[in-house]
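Visitor: no sequence for this one, just the structure:
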């Protein structure tokens, strides 16, 4: 179903592009990316990983941290921003708000 939807939207995008409908082409391209990636345009790319807690993802989105910025940070910095502590195994544990 999703493959067909992506093909249909991509076809509509190509038709709009050939007719020089720039606004419609842009909208269809965004919609095509949303369907193919199964991720809304405004959501953080890390939302596609189900094992990350929703609370952490929300805090990352609120602080506007991009994937590139997160890649440059070490685990302590990421834990500071998300109030989660990352141990050596890569597991997250909640730090209480009182600390």
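Guide: Now that the structure is in, tell me what you want to look at. This one's a predicted model, so the numbers in the text were calculated from it and none came from an experiment.

Visitor: Distance of residue 53 relative to residue 46?
Guide: The gap separating residue 53 from residue 46 is 11 Å, by Cβ to Cβ, to the nearest Å. Quick note: C-beta positions are derived from backbone N, CA and C, even for glycine.

Visitor: Repeat that for residue 60.
Guide: Residue 60 is 7 Å from residue 46, by Cβ to Cβ.

Visitor: out of those two, which sits in the busier spot?
Guide: Neighbours were counted for residue 60 and for residue 46 using other Cβ atoms under 10 Å; residue 60 has more, 21 against 15.

Visitor: still on that earlier bit, which neighbours do residue 60 and residue 46 share?
Guide: residue 70 (Cβ atoms under 8 Å, 6 or more residues apart in numbering).

Visitor: Can you read off the pLDDT for the residue lying farthest from the centre of the chain?
Guide: Relative to the centre of the chain, the most outlying C-alpha is that of residue 19, 31.3 Å out, by Cα atoms, centre = their mean. Residue 19 carries a pLDDT value of 95.

Visitor: Could you list which residues are in contact with residue 29?
Guide: Residue 29 touches residue 13, counting by Cβ under 8 Å, 6+ apart.

Visitor: What does the pLDDT read for it?
Guide: The model's pLDDT for residue 29 equals 89.

Visitor: quick one: the helix or strand harbouring residue 62 to chain centroid distance?
Guide: In this assignment (DSSP states H and E), residue 62 forms part of helix 54-63. Between the centre of helix 54-63 and the centre of its chain there are 11 Å (Cα atoms, centre = their mean, to the nearest Å).
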